[in-house]
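> Whatever this is, show me its structure:
(one chain, ligands or ions: 2)
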Amino acid sequence: MGKVYEVKHPLIQHKLTMIRHKEVGTKDFRALVDELAMLLTYEASRDLPLEDISFDTPVAHTTQKQLTGKKLAVVPILRAGLGMVDGILELIPAAKVGHIGMYRDEESLEPVEYFIKLPEDIQSREVLLVDPMLATGGSARDAISALKARGAQKIKLITLVSAPEGVEAVLAEHPDVDIFTASIDEGLNDQGYIVPGLGDAGDRLFGTH
Ligand code: PRP
Ligand code: URA
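Numbering: from 1, shown residues only. Ligands and ions are numbered 1, 2, ... in the order given. Prediction:
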């Protein structure tokens with residue numbers, strides 16, 4: 001069964017609290033989403049494989065660890081996932097970036113896919129699927145299915161705010177996926193918004209309504 005990591009680092013909690021405030025404007029919201037994505041990636045990359053390398057420091061010959069160079073892909077769910085990409089690339093600059101366009105129908109709350117473009121060798125890359133919000137879980141669930149249909153084998157989902165319903169929905173259909181999130185909130189309201197949440201992440205990132 002996939003695991004859920006609710007990452008309770010003080011910096012993450014503090015920055016998440018800041019973006020929950022409804023007064024926070026687009027510029028600060030964007031910067032904080034970027035920083036939170038970077039901090040969560042630190043946690044989600046804990047199991048990256050290392051290998052030994054021998055070399056000379058100015059003082060002695062030594063054997064130390066380095067990353068094996070396992071290939072990664074960062075895949076944001078458009079639009080809001082875009083706000084997390086730069087923060088992740090700061091830590092993993094060699095990662096390739098794919099895109100999955102999906103919006104939630106406002107009436108049915110069902111996800112509608114409208115775009116997908118992935119690195120050609122997605123089968124051999126570990127995928128970090130990113131979206132700030134995991135609400136009903138429909139968007140993430142379908143995005144993971146789309147990735148698997150194109151050959152992706154190892155997928156981690158990174159979100160900022162999750163509803164318990166969304167976590168359950170993703171793990172029910174994709175028990176092989178681990179979820180890293182800054183918070184599992186109380187639940188969903190009648191309009192499918194996460195409570196207390198932070199509102200519409202895409203609109204707040206891009207200044208739309
Ligand atoms: C939001 C959010 C997720 C989705 C979560 O996107 O960024 O993709 O809703 O909801 P779910 O778990 O119930 O599927 P939205 O559809 O508002 O599109 P946007 O990113 O273009 O604003
Ligand atoms: N999408 C958002 O952007 N926010 C929510 O609370 C739920 C879905």
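> same for the host helix or strand of Thr41, what does it pack against?
Remark: Thr41 resides in helix 26-44, with elements defined by DSSP states H and E. Counting contacts by 3 or more C-beta pairs under 8 Å, 6 or more residues apart in numbering; DSSP states H and E, helix 26-44 is packed against helix 10-20, helix 82-91, strand 126-130, strand 154-162, strand 178-184, helix 201-206. Where C-beta positions appear, they are placed from N, C-alpha and C, glycine not excepted.
> by how many degrees do that helix and strand 178-184 diverge?
Here helix 26-44 points in a direction 130 degrees away from that of strand 178-184 (axes from the mean of the first three to the mean of the last three C-alpha atoms, to 10 degrees).
> Pick out the residue of the protein closest to ligand 1.
Proximity of the chain to ligand 1 (C-beta to the nearest ligand atom) peaks at Gly202, 2.2 Å away.
> For that residue, give me its contacts.
Residues near Gly202 by C-beta atoms under 8 Å, 6 or more residues apart in numbering: 79-80, 208.
> Of those, keep whichever come out buried.
By neighbour count, with 16 or more other C-beta atoms under 10 Å, these hold 79-80 as buried.
> filter the contacts of Gly202 down to the ones close to ligand 2.
Ala80 (C-beta under 6 Å from any ligand atom).
> with the contacts of Gly202 in mind, which one is nearest to ligand 2?
Ala80 (6.0 Å).
> now the closest one, what's its secondary structure?
coil (DSSP: H, G, I helix; E, B strand; the rest coil).
> Could you verify my assumption that it touches Leu198?
No: with contact defined as C-beta atoms under 8 Å, Ala80 and Leu198 do not form a contacting pair (10.6 Å).
> any residues in contact with both of the two?
Pro132.
> I'd like to know which of the helices and strands packed on helix 26-44 lies nearest to ligand 2.
Closest to ligand 2 of the helices and strands packed on helix 26-44, according to C-beta to the nearest ligand atom: helix 201-206, at 3.9 Å.
> which ones are touching the closest residue to Leu16 other than its chain neighbours?
Spatial nearest neighbour of Leu16, excluding adjacent residues (C-beta to C-beta, 6 or more residues apart in numbering): Ala182 at 4.8 Å. Contact analysis of Ala182 by C-beta under 8 Å, 6+ apart lists 6-7, 12-13, 16, 36, 40, 159-161.
> how far away is Asp203 from Lys22?
12 Å (C-beta to C-beta, to the nearest Å).
> cool, and Leu147?
Using C-beta to C-beta, Leu147 is found at 33 Å from Lys22.
> higher neighbour count, the two?
Legend: neighbour count by other C-beta atoms under 10 Å for Leu147 and Lys22, higher for Leu147 (23 against 8).
> Shouldn't that one be within a strand?
No: under the criterion used here (three-state DSSP), Leu147 is helix, not part of a strand.
> Thanks a lot, catch you later.
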